[in-house]
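**Student:** I would like to see how this sequence folds:
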Amino acid sequence: MTIVVSGATGKVGRPLVEQLLTAGHRVRALTRDPRRANLPDGAEVVAGNLSVTAGLPGVFTGMTAAHLISFGDDYAPLGNGAEIVGAAVRAGVRRVTVLKGGTEKTELDAAVEASGMEYTYLAPVEFMSNALEWGESVRTEGVVREGFPDIESAMVHEADIASVAATALTTQGHAGKEYWLTGPEALTAPEKVRVISEVLGRDVRYVELSRDEIVTGWREQGFSEEDIAFFVMMRTRPPAAGRTVLPTVEEVTGRPARTFARWVRENRAAFGG
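**Tutor:** Next up, the predicted model:
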């Protein structure tokens, strides 16, 4: 297969590039700054961005499959979905995966479904890498300050999202599917902190913040009131999908989903380990 990977230096794109190359596929890795990409040897690293319509013909030329992302840097849906899909179809792309950023159908989704290409949607819940926001306080103080201690998350390892994408791009039987992707367990914030402590082999304390303290912190970071209302809703009335463990990763890839403990071991340097 000859496959273009958009967002190639991102949390999902990077492991996807690595996995496809390991499996012997030709990969064109799309990134804004190839000089800083630091991707594996063998990847054809090119400058580009799905949101820049003028560069799309060169992105897809010679490719038979593509990994697409339905949102831009601000997590808003891309506004040029029809142009992206049109360029891919004209170049001869026959199969795509689409990493979704929400539950609503986007312009890109509609264009993909009307294109005649085989498509597979990837709908992950919370990324395990969100725990990196605790890195500094764990390194410097051995503490995590967080609220809403009873809310569970079935967070997923980014490499598992990549594994599902790689499988869907290179094997039959995934056309028209939407895969909701979770990890193998649903954990609360205090439980995540306990895992971090166990992996690091040192005490890491969980300090509960009040709702008002958390909202104040978001305001200080510059989030809008609309964003804050959404954040509060997700932490007080989260959808069941976000905490419901599903077997999808293993069903698609044949391998169990990676645990949070494994993710922490792989990223222990971020926590001072």
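
**Student:** those strands in this structure, which residues are they?
**Tutor:** Assigned by DSSP state E, the strands in the chain fall at 2-5, 26-31, 44-47, 65-69, 95-99, 118-124, 143-146, 177-181, 205-208.

**Student:** Distance to Val17 and mean pLDDT added to those, as JSON lines?
**Tutor:** To be clear about C-beta, it is placed using only N, CA and C from the backbone, and glycine gets the same treatment. As requested, these are exported to JSON lines (distance: least, CB to CB, whole Å; pLDDT from 0 to 100):
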{"stretch": "strand 2-5", "distance to Val17": "5", "mean pLDDT": "96"}
{"stretch": "strand 26-31", "distance to Val17": "5", "mean pLDDT": "96"}
{"stretch": "strand 44-47", "distance to Val17": "9", "mean pLDDT": "95"}
{"stretch": "strand 65-69", "distance to Val17": "9", "mean pLDDT": "97"}
{"stretch": "strand 95-99", "distance to Val17": "13", "mean pLDDT": "98"}
{"stretch": "strand 118-124", "distance to Val17": "15", "mean pLDDT": "98"}
{"stretch": "strand 143-146", "distance to Val17": "31", "mean pLDDT": "96"}
{"stretch": "strand 177-181", "distance to Val17": "18", "mean pLDDT": "98"}
{"stretch": "strand 205-208", "distance to Val17": "35", "mean pLDDT": "98"}
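
**Student:** Ok, which of those comes nearest Leu169?
**Tutor:** strand 65-69 (4.9 Å; CB to CB).

**Student:** That closest one - contacts with which helices or strands?
**Tutor:** Counting contacts by 3 or more CB pairs under 8 Å, 6 or more residues apart in numbering; DSSP states H and E, strand 65-69 is packed against strand 2-5, strand 95-99, helix 158-170.

**Student:** how about TSV for the strands of the chain, with distance to Leu20 added?
**Tutor:** As requested, those are arranged in TSV below (distance: least, CB to CB, whole Å):
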stretch	distance to Leu20
strand 2-5	6
strand 26-31	5
strand 44-47	12
strand 65-69	9
strand 95-99	11
strand 118-124	15
strand 143-146	35
strand 177-181	18
strand 205-208	38
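
**Student:** can you list those strands in CSV and add mean neighbour count and distance to Leu108?
**Tutor:** Output for the strands of the chain, formatted as CSV (neighbours: other CB atoms under 10 Å; distance: least, CB to CB, whole Å):
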stretch, mean neighbour count, distance to Leu108
strand 2-5, 25, 15
strand 26-31, 24, 15
strand 44-47, 16, 20
strand 65-69, 26, 7
strand 95-99, 25, 7
strand 118-124, 22, 10
strand 143-146, 19, 34
strand 177-181, 18, 14
strand 205-208, 14, 39
